[in-house]
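# No letters, just coordinates:
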């Protein structure tokens, strides 16, 4: 099945990390498509992430505001919702789960209700509600367990993953109960441009550049499948254009690695860059290489996160078999490109670190 590319998209959370990458990706692929971003611009949303995405309308608003979503769907003749908006940080969910329940469950339900009103009120018109979820809904794996597939039972272990599991089930229910045309994708650990520096790779990269500790949970041997965000966008695009309504698809990067190996690889990349580019020592004088030390000297082991899942692994053979998905980047290539992006976009991340990215109207240069 090949679906004609839909022409008026509402991208929720489109000023966040994965959402903004998708907006840039879709704009390049479909320059005539109408793109509306709905984003509450909470701490991880950033107007600067959308710089260079010409013709994209950013609406600052809450996905729980059903009246606002109703107006957007009607006034802009929206035929596709690509739902990225979510609270997504496990540590934050453990410290304060209420926001995760509100945004991830109630917010998704608000969008589903608005979509049902807009698209199924009289007779169904062509539409698609695509919901972006996570591999964390499947729980944790033992070292020899097979990778998560679309039929793996859900077993979420954090308030974050529990809230995403609930939203996945709501999307499924709206398809089976009301006939809403939906698809769901469950992705592995994303990395790449525009990622807010609370996640492992950007956090450790920026800490290293500033000579700050690299705090490693437990023994650092928690295993994740690493997916470059542009490969994720490719997977979502394939689902939008050819996915079967009512189906779920896993999107993975084919790079199952322990966190400690990821950190050591990042340190090695930075050591090599400092050795070959003397200007970096001047830009980042607190980084260990500027003082003749390796980046790995910053590593420190800290108490493990409560309930920390030990291993995730994604089987994305369904997406590969049915829609021709192939991750284009090895982890090494993707990490090199990611480090290069952060080094080239220092004003973007400096504005996040000092909080100035939250100032109204600010969009630092070099964001894209």
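Sure thing, it's come through. Just so it is clear, the model here is predicted, and its values are computed rather than measured. Numbering: from 1, shown residues only.

# Show me what the lowest-mean-pLDDT helix or strand in the chain is packed against.
Every helix and strand of the chain was ranked by mean pLDDT, DSSP states H and E. The lowest is helix 90-95, at a mean of 86. In terms of contacts (3 or more CB pairs under 8 Å, 6 or more residues apart in numbering; DSSP states H and E), helix 90-95 is packed against helix 98-100, helix 159-178. For the C-beta atoms, the positions are set from N, CA and C on the backbone; glycine is no exception.

# Centre of the chain to stretch 200-219, how far?
Centroid displacement of stretch 200-219 relative to its chain, using CA atoms, centre = their mean, to the nearest Å, is 20 Å.

# meant to ask about stretch 287-306, not that
Relative to the centre of its chain, stretch 287-306 is centred 26 Å away, using CA atoms, centre = their mean.

# Would you mark the buried spots in it?
Across stretch 287-306, burial judged by 16 or more other CB atoms under 10 Å covers 287-290, 295-296, 298-299.

# First-to-last residue distance for it?
31 Å (CA to CA, to the nearest Å).

# Residues touching it, excluding its own?
If you take CB atoms under 8 Å, 6 or more residues apart in numbering as the criterion, stretch 287-306 is touched by 90-91, 94, 207-220, 263-264, 266-268, 270-271, 274-275, 280-282, 284.

# my read: residue 206 touches residue 196, true?
No. Using CB atoms under 8 Å as the test, residue 206 is too far from residue 196 to be in contact (10.8 Å).

# and the two most separated of the buried residues of stretch 287-306?
Farthest pair in the buried residues of stretch 287-306 (CB to CB) is 290 and 299. Separation: 17.4 Å.

# Run through the helices of the chain in chain order.
17-29, 66-75, 90-95, 98-100, 108-120, 159-178, 200-209, 229-242, 259-276, 279-283, 317-323, 331-344, 346-353 (DSSP state H).

# quick one, the first one and helix 229-242 angle?
Our comparison of helix 17-29 with helix 229-242, counting by axes from the mean of the first three to the mean of the last three CA atoms, to 10 degrees, yields an angle of 60 degrees.

# now swap in the fifth one and tell me
Relative orientation of helix 108-120 and helix 229-242, computed by the same axes, to 10 degrees: 30 degrees.

# Check the offset of helix 108-120 from the chain's centre.
The answer for helix 108-120 is 23 Å, by CA atoms, centre = their mean.

# In strands, which of the buried residues of stretch 287-306 appear?
Counting by DSSP state E, these place residue 299 in strands.

# ok, the buried residues of stretch 287-306 vs residue 248, which is closest?
residue 299 (37.6 Å).

# now do the same end-to-end measure for stretch 101-114.
19 Å.

# ugh, wrong one, I meant stretch 90-104
Terminal residues of stretch 90-104 lie 13 Å apart, using CA to CA.

# Please tell me I have it right and residue 109 contacts residue 170.
Yes. At 5.5 Å, residue 109 counts as touching residue 170 under the criterion of CB under 8 Å.

# hey, what's in contact with both of the two?
Common neighbours of residue 109 and residue 170 (CB under 8 Å, 6+ apart) do not exist.

# Next, the buried residues of stretch 121-130.
For stretch 121-130, by 16+ other CB under 10 Å, it's 127-130.

# Identify the farthest-apart pair in the residues you listed.
Among the buried residues of stretch 121-130, 127 and 130 lie farthest apart (CB to CB), at 10.5 Å.

# Next, show the common contact partners of these two.
Contacts common to residue 127 and residue 130, judged by CB under 8 Å, 6+ apart, are residue 80.

# And residue 197, how far from residue 321?
Plainly put, residue 197 is 36 Å away from residue 321 if you go by CB to CB, to the nearest Å.

# more neighbours, the two?
Shown here are residue 197 and residue 321; by other CB atoms under 10 Å, residue 197 has more neighbours (16 against 9).

# Does that one touch residue 206 like I think?
Yes. Contact criterion CB under 8 Å: residue 197 and residue 206 qualify, at 5.1 Å.

# Mutual contacts of these two, please.
With CB under 8 Å, 6+ apart as the test, residue 197 and residue 206 both reach 349, 353.

# leaving aside the residues next to it on the chain, what's closest to residue 233?
residue 25 (4.0 Å; CB to CB, 6 or more residues apart in numbering).

# can I assume that neighbour is in contact with residue 237?
Yes. The pair residue 25 and residue 237 qualifies as a contact (CB under 8 Å) at a distance of 6.8 Å.

# How far does stretch 36-53 stretch from one end to the other?
Across stretch 36-53, the terminal residues are separated by 11 Å (CA to CA).

# What are the buried residues along it?
36-41, 44-51, 53.

# Same question for stretch 314-329.
314-316, 318-320, 322-323, 325, 327, 329.

# if I pick residue 253, what's in contact with it?
188-189, 225-228, 231, 314, 327, 329, 331, 334.
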